[in-house]
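**Q** Everything below, folded, please.
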Amino acid sequence: MELAQFTEQQLIEDAKTGNKEAFGRLFDRYYLKIFKYLSLRLPNKEDAEDLAENVFVKAWQHLPRLRKKRNGYQFQAWLFKIARNLLIDTYRKKEIPVQPLDSYPQDHTQSSLQTNYEKNEQTKEVLTAINQLDKDSRDVIILRFLIGLNPLEIAGALDKTEGNIRVIQHRALKKLESLMKEND
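**A** All right, here's what the predicted structure looks like:
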């Protein structure tokens, strides 16, 4: 069977035995999500790229320790946990200010300038409101709605229960709603 046809679980098993090509496929699958998460939290693209690469170096080094759960390996959640821990270490060491989300580059591919302007203004308002949330709420909102993880994956990444993630998400959305109303 060709490596591209393997499931994620098979790729993880192969990578755990030292198969660099299998790990490369996992890297290709998750690099952009990890980079996007880090670029939302760091002041510049270069720091986000460096840290994203470090996430995968750490993952490769510690892959033999990754344990299978009853529903398989939680590889994506594990990667985000590594990313979050490296991000915390980076903040401690370099004393980097938290990256304001409204400075994240926007997509400028739409043809209508008016539509693009309105979209950017709405996006800025939402990102400004997200910045006003507490750390856990901000992480949950970013991972859930900007990165696309499900509550179970977020729970694994943040060392919380799935139920706790759902409560944090619910409260954060209520808070965002009230912040958005205040800003109008």
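
**Q** isn't Pro64 right up against Lys16?
**A** Yes. Pro64 lies in contact with Lys16 (Cβ atoms under 8 Å); the separation is 5.8 Å. Heads up, the C-betas are built off the backbone N, CA and C, glycines and all.

**Q** neighbour-wise, which of the two wins?
**A** Neighbours per residue (other Cβ atoms under 10 Å) separate Pro64 from Lys16, with Lys16 holding more: 16 against 11.

**Q** for this protein, what's the longest helix?
**A** helix 162-183 (DSSP state H).

**Q** Give me the buried stretch members for that one, please.
**A** Neighbour-count burial for helix 162-183 flags 164-166, 168-169, 172-173, 175-176, 179 (criterion: 16 or more other Cβ atoms under 10 Å).

**Q** How about the contacts made by the residue most central in space within the chain?
**A** In the chain, the residue lying closest to the centroid (Cα atoms, centre = their mean) is Tyr37, at 3.7 Å. Each residue near Tyr37 by Cβ atoms under 8 Å, 6 or more residues apart in numbering is listed here: 80, 83, 142-143, 146-147.

**Q** same thing with Phe80?
**A** Counted by Cβ under 8 Å, 6+ apart, Phe80 has contacts 34, 37, 143, 147, 149, 153-154, 156-157.

**Q** what do you get for Arg92?
**A** Per Cβ under 8 Å, 6+ apart, neighbours of Arg92: none.

**Q** Buried residues in whichever strand or helix holds it, which are they?
**A** Per DSSP states H and E: Arg92 is located in helix 75-94. Neighbour counts over helix 75-94 (16+ other Cβ under 10 Å) mark 75-84, 86-87, 90 as buried.

**Q** Domain ranges for this structure, per the record?
**A** 1-100, 112-184 (automatic domain parsing).

**Q** Kindly reformat the ones you listed as a markdown table containing mean pLDDT.
**A** Output for those, formatted as a markdown table (pLDDT from 0 to 100):
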| stretch | mean pLDDT |
| --- | --- |
| domain 1-100 | 86 |
| domain 112-184 | 84 |
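
**Q** State the number of residues packed around Gln132.
**A** With other Cβ under 10 Å as criterion, Gln132 counts 13.

**Q** which ones are touching the closest residue to Ser137 other than its chain neighbours?
**A** Nearest residue to Ser137, sequence neighbours excluded (Cβ to Cβ, 6 or more residues apart in numbering): Ala172, at 3.7 Å. Ala172 is in contact with 133, 137-138, 140-141, counting by Cβ under 8 Å, 6+ apart.

**Q** Which one of the buried residues of helix 162-183 is nearest to Gln10?
**A** The nearest member of the buried residues of helix 162-183 to Gln10, counting by Cβ to Cβ, is Ile165 at 27.9 Å.

**Q** My guess is the closest one contacts Glu153. True?
**A** No. Under the criterion of Cβ under 8 Å, Ile165 makes no contact with Glu153, lying 9.2 Å away.
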